[in-house]
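In: next one to model:
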Amino acid sequence: MANAAAHAEEEEIHLPDPSIWPFILAVGVSLLPLSALFMAYGGPFPGAIGGAGLVLTIVAGFGWAGSVIREKS
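Out: Reported below is the predicted structural model:
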């Protein structure tokens, strides 16, 4: 039993810092089908909403990957 306790203390659990990138990615990905719905049913500015969703998705993907790379180095 003492070995198990000593072994558990040696293991480190890494918890990454909180990040805003998953939220930004979720917003960007959510805007994409919303723009498709607006395009199909005549909502306001479907191209602008789709473009904003695409830009947010790309920026969040690169930002999140960049933060992971910075954390590892």
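
In: going forward, measure contacts and count neighbours with C-alpha atoms only.
Out: OK.

In: the strand or helix carrying residue 29 - what's its average pLDDT?
Out: Assigned by DSSP states H and E, residue 29 belongs to helix 21-41. Per-residue pLDDT over helix 21-41 has a mean of 96.

In: and whichever helix or strand comes after it, what does it pack against?
Out: Using DSSP H and E, the helix or strand that follows helix 21-41 in sequence is helix 46-72. Packing contacts for helix 46-72, counted by 3 or more CA pairs under 8 Å, 6 or more residues apart in numbering; DSSP states H and E, involve helix 21-41.

In: next, the angle from the helix it packs on to helix 46-72.
Out: For helix 21-41 against helix 46-72, the angle by axes from the mean of the first three to the mean of the last three CA atoms, to 10 degrees is 160 degrees.

In: other residues contacting stretch 54-67?
Out: With contacts defined as CA atoms under 8 Å, 6 or more residues apart in numbering, stretch 54-67 is touched by 21, 22, 24, 25, 26, 27, 28, 29, 32.

In: gap between the two ends of stretch 33-49?
Out: Using CA to CA, to the nearest Å, the end-to-end distance of stretch 33-49 comes to 10 Å.

In: residue contacts, the residue most central in space within the chain?
Out: In the chain, the centroid-proximal residue (CA atoms, centre = their mean) is residue 22; its distance is 2.4 Å. Residue 22 makes contact with 60, 64, according to CA under 8 Å, 6+ apart.
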